[in-house]
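Engineer: predicted model and sequence below, questions to follow.
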Amino acid sequence: MVIPKFRNIFDMHGFRERLSEAVKNSPYGDDIWRLSIAAGLGKKTLYNIINDKKLDISKTGPGLFGMARVASLLGTTLDHLAGIAPPLRRLSTQLDSADQLLSHASATLVAQHSRSNGVPSIDSLMRTYLKCGGVLEGFSETLAYCDQYAPCAPGASSLEVIEVGAKSLATITMGRPNARILQTALDTVPDEELKRRWVSAYASTSTNGPLVSLETLDVQMPNHPVRVKMEFIRGLFPVRSDTLGRRILNYSLLIV
């Protein structure tokens, strides 16, 4: 089975530079302290983030909700700060030409989607989560790209797969949306530390809300001739439904 190539969608290496540039080009200019406070963060938080070289090799990055507020105040997107999309051009009070209007509209559309074929970005799912208040039915347009798991309690030792999305990364990897195969793969992962870390992430999501992280996988799929080696960005979203109860959506994008 050939795994289709996706472009690199996550680059913490340039995150601090993109954030710093966005701040300088915003109405806040050099007043990073005022921006930090306006975003509901500590006065020195953004200064510390921009000057923290350890972020260049971080697998998770700074807090997602705080950065979402910062991106909004700067007139840009989380996609741009994460290296997924180009920066939004600021709309002048009077556009000079039709070309300028089209260019602005194009940049906006690019920033809203990580790929031209409509595959959603982590940023777009986060916007959906915030808009629908974590209601499962609010993800109707992107649910095919997500796998669904049962909520995970603190201290749990395993994950429970409920449903596999028809277009999810798990389906691409397995060749078909099969919850049984995915469940077996999770249960038989030989790396106990990796398994504990995954379970901990789902437990944290169940309690604290959405979680985005960079993950590495190198395992043999059960009853499958392919060894899976990949890096992917994973978004976990706790959702609820009046008919289906509580679940966790896993939306993952491959990095090459």
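Structural biologist: The structure has been received and is ready for your questions.
Engineer: from here on, contacts and neighbour counts on C-alpha atoms
Structural biologist: Noted.
Engineer: off-centre distance for the helix or strand hosting residue 173?
Structural biologist: Using DSSP states H and E, residue 173 sits in helix 169-174. Centroid separation for helix 169-174 versus its chain: 18 Å, with CA atoms, centre = their mean, to the nearest Å.
Engineer: so where's the stretch 101-250 of the chain shaky on pLDDT?
Structural biologist: Within the stretch 101-250 of the chain, the stretches with pLDDT under 70 are 101-118, 218-230.
Engineer: apply 80 and report the result again.
Structural biologist: Across the stretch 101-250 of the chain, the ranges flagged by pLDDT under 80 are 101-119, 173-174, 190, 216-231.
Engineer: for it, what spans make up the strands?
Structural biologist: 146-149, 161-163, 211-220, 227-241, 245-255 (DSSP state E, counting those that start in this stretch).
Engineer: in the shortest one, what's buried?
Structural biologist: So the one you mean is strand 161-163. 161, 163 (16 or more other CA atoms under 10 Å).
Engineer: equivalent analysis for stretch 249-256, please.
Structural biologist: Within stretch 249-256, the residues scored as buried using 16+ other CA under 10 Å are 249-255.
Engineer: same question for stretch 195-205.
Structural biologist: Buried residues in stretch 195-205 (16+ other CA under 10 Å): 195, 198-205.
Engineer: dump those into TSV; add distance to residue 142 as well.
Structural biologist: Shown next, in TSV, are those (distance: CA to CA, whole Å):
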residue	distance to residue 142
195	27
198	23
199	24
200	25
201	22
202	20
203	23
204	23
205	19
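Engineer: out of the residues you listed, which sit inside helices?
Structural biologist: 195, 198-205 (DSSP state H).
Engineer: how far away is residue 73 from residue 38?
Structural biologist: Distance of residue 73 to residue 38, given as CA to CA, to the nearest Å: 8 Å.
Engineer: more crowded one of those two?
Structural biologist: A direct count of neighbours by other CA atoms under 10 Å for residue 73 and residue 38 places residue 73 higher, at 18 against 14.
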